[in-house]
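Visitor: What follows is a predicted protein model with its sequence.
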Amino acid sequence: MCIALIKMNKVNPKALLFEKGFSTSLKCYKSTLHLGYNIDSSILKKNQTVFSLIQPTGTMHLGNYLGAVASWAELSKLKTDESQKLIFGLADLHAITTKHPTAEDFVNKKLDTLAHLIAFGVDPEKCCLYVQSDVKEHSELAWYLSTITGIGALARMTQWKSKSQQEGTNNKNELSTLQSEYSLGLFSYPVLQAADVLLYSPDLVPVGEDQTQHLELTQALARKFNHVYGTNVFKYPRIMTTPAKKIYSLKDVTKKMSKSDPSKTACIYLSDSDEEIRLKIKKATTDSIVGQPFKYDPENRPGVSNLINIVAGIQKKEISDVEKDVESLTSHSDLKKYVSDVITEWIAEPREKYKSIREDTEYLQNVALKGKIEARKIASENIKKIRKVMGFK
């Protein structure tokens, strides 16, 4: 396990207007904890709270699992004391920032995701597992935080640029993206995400590497709010990055694995059959290099590196250990067979468990209800403190 410490510098609160110098000013607030593949029990201390959400996209894929769910499951196993709070859930308010499914489809997506979380190791008896929209305080706090958030900072969010297809633009007007067809909800997504986190006063927030910029904004907003209102109502949550590097599309390794990929063989779903998994891995993009050992080299061998990374995440091994495991393989077909074997062996048990859980709608609804009650209790107590310092009733 590696912990990257970032030096704590003195900060001028006025710099938190989030305009020029935003990216450099954020990183001085809190050190980032980088999880190893084998999470040590010392990570989760008594009286600590861990918080994280995932969008309910329905059938989850391998990238979802390795990006968040795997660490949630490991943390569930590590919980040994009632003072340790694990708060995980479905970010359904975030899920409508780009698409608007029918009501029936949306409900089913949430049930699908909840079933996957439980089947793949997130224990609802050890954590609060809830649905974001069941807790109205999320939206309330998002509004409060929006009044202290600079528009320029949001316009420079990498995910906003990417999703609004503005990445790499040379337009000097950073706010030109606001004139596109993309929604205010997508633009202000990081503010709601900050509200999600700060509402529960967590110590640790496990996220994938593509979310760290948003969490840095969360830390900055917490500090700015505390300064503006002369309070310490918000903690400065520590970012906990998951060990697995970003999982890329099996067909286009310049893009991360996604359900929206037009290629049907680009994404491995957690509900895929063994045959589907083997076919997708067989058709995965690699390279034409022969006579060299398979090494993790994202720049020169991105396709091979993606497969090695998948194995490392599933087996909870360091990249170097996986490289040793595959050093005797001499062909790309051998490597793909090895990767397929690893995935199908690992996925068999939780995939069957998912099918069983998904059929029990009443059980899933009870899990969500239990989580709602627990989450509302914490959120309502914290929002009262926030309202008080702001002068609301």
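Guide: Now that the structure is in, tell me what you want to look at. Residues are numbered from 1 along each chain as shown.
Visitor: Please make it C-alpha for all contacts and neighbour counts, starting now.
Guide: OK.
Visitor: From Gln132, how far off is the spatially closest residue to Pro190 that is not a sequence neighbour?
Guide: Excluding the flanking residues, the one nearest Pro190 by CA to CA, 6 or more residues apart in numbering is His214, at 5.7 Å. Counting by CA to CA, to the nearest Å, the gap between His214 and Gln132 amounts to 18 Å.
Visitor: Which segments of this protein make up each domain?
Guide: 2-8+29-247+363-390, 274-358 (automatic domain parsing).
Visitor: Any chance of TSV for those, columns mean neighbour count and mean pLDDT?
Guide: Formatted as TSV, the domains of the chain follow (neighbours: other CA atoms under 10 Å; pLDDT from 0 to 100):
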stretch	mean neighbour count	mean pLDDT
domain 2-8+29-247+363-390	18	85
domain 274-358	17	96
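Visitor: Tell me which of those domains lies nearest to Ser258.
Guide: domain 2-8+29-247+363-390 (7.7 Å; CA to CA).
Visitor: part of a strand, is Leu92?
Guide: Heads up, residue 92 is Asp, not Leu. No: counting by DSSP: H, G, I helix; E, B strand; the rest coil, Asp92 falls outside a strand, being coil.
Visitor: didn't it look like it was pressed against Leu53?
Guide: No: counting by CA atoms under 8 Å, Asp92 sits too far from Leu53 to count as a contact (9.3 Å).
Visitor: so what sits against both of the two?
Guide: Common neighbours of Asp92 and Leu53 (criterion: CA atoms under 8 Å, 6 or more residues apart in numbering): none identified.
Visitor: Next, format the domains of the chain as TSV and append distance to Lys259.
Guide: Formatted as TSV, the domains of the chain follow (distance: least, CA to CA, whole Å):
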stretch	distance to Lys259
domain 2-8+29-247+363-390	8
domain 274-358	14
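Visitor: To Thr254, which of the ones you listed lies closest?
Guide: Comparing the domains of the chain by their distance to Thr254 (CA to CA), the top pick is domain 274-358, with 8.3 Å.
Visitor: for the closest one, how far is the first residue from the last?
Guide: Per CA to CA, domain 274-358 runs 19 Å from first to last residue.
Visitor: Report the beta-bridge partner residues of the closest residue to Arg238 other than its chain neighbours.
Guide: Distance criterion CA to CA, 6+ apart; nearest residue to Arg238, sequence neighbours excluded, is Leu204 at 4.9 Å. Taking DSSP bridges, one finds Val50, Arg238 as the beta-bridge partners of Leu204.
Visitor: Run a quick check on the residue nearest to Pro190 versus Ser188, I expect a contact.
Guide: No: look at His214 against Ser188 with CA under 8 Å: they stay out of range, at 10.9 Å.
Visitor: so where do the strands sit in the chain?
Guide: 2-4, 32-34, 49-54, 85-90, 128-131, 204-207, 238-241 (DSSP state E).
Visitor: Now the third one - C-alpha only, CSV.
Guide: Listed next in CSV are the C-alpha coordinates belonging to strand 49-54 (Å, rounded to 0.1, in the frame of the first residue of the first chain):
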residue,chain,number,x,y,z
THR,A,49,-16.9,7.3,8.0
VAL,A,50,-16.4,6.1,4.4
PHE,A,51,-18.7,7.4,1.7
SER,A,52,-19.1,6.7,-2.0
LEU,A,53,-21.8,6.6,-4.6
ILE,A,54,-22.1,4.9,-8.1
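Visitor: re the thing from before, closest one to Lys255 among the domains of the chain?
Guide: Closest among these, using CA to CA: domain 2-8+29-247+363-390, at 8.8 Å.
Visitor: starting at the chain centroid, how far to that closest one?
Guide: 7 Å (CA atoms, centre = their mean, to the nearest Å).
Visitor: Likewise for stretch 384-393?
Guide: Distance of stretch 384-393 from the chain centroid (CA atoms, centre = their mean) equals 30 Å.
Visitor: What lies in contact with that stretch?
Guide: For stretch 384-393, the external contacting residues (CA under 8 Å, 6+ apart) are Tyr229, Thr231, Val233.
Visitor: which residues touch Arg376?
Guide: So Arg376 contacts Val135 (CA under 8 Å, 6+ apart).
Visitor: er, Phe106 actually
Guide: By CA under 8 Å, 6+ apart, Phe106 lies in contact with nothing.
Visitor: ok, now how distant is Thr285 from Pro190?
Guide: 33 Å.
Visitor: Same check on Arg376?
Guide: 22 Å.
Visitor: any idea how far the nearest residue to Gln48 once chain neighbours are set aside is from Pro206?
Guide: Nearest non-adjacent residue to Gln48, counting by CA to CA, 6+ apart: Gln84, 5.2 Å away. Separation of Gln84 from Pro206 (CA to CA) stands at 15 Å.
Visitor: any idea how far the residue lying closest to Lys109 once chain neighbours are set aside is from Pro298?
Guide: Nearest non-adjacent residue to Lys109, counting by CA to CA, 6+ apart: Gly58, 3.8 Å away. Gly58 sits 30 Å away from Pro298, taking CA to CA as the criterion.
Visitor: rewinding a little: out of the strands of the chain, which is closest to Thr113?
Guide: Across those, closest to Thr113 is strand 85-90 (CA to CA), at 7.9 Å.
Visitor: Next up, the contacts around Lys337.
Guide: Contacts of Lys337 by CA under 8 Å, 6+ apart are Arg278, Ile281, Lys282.
Visitor: any idea which of those is closest to Pro262?
Guide: For those, the nearest to Pro262 is Ile281 (16.5 Å; CA to CA).
Visitor: Nothing else from me, thank you.
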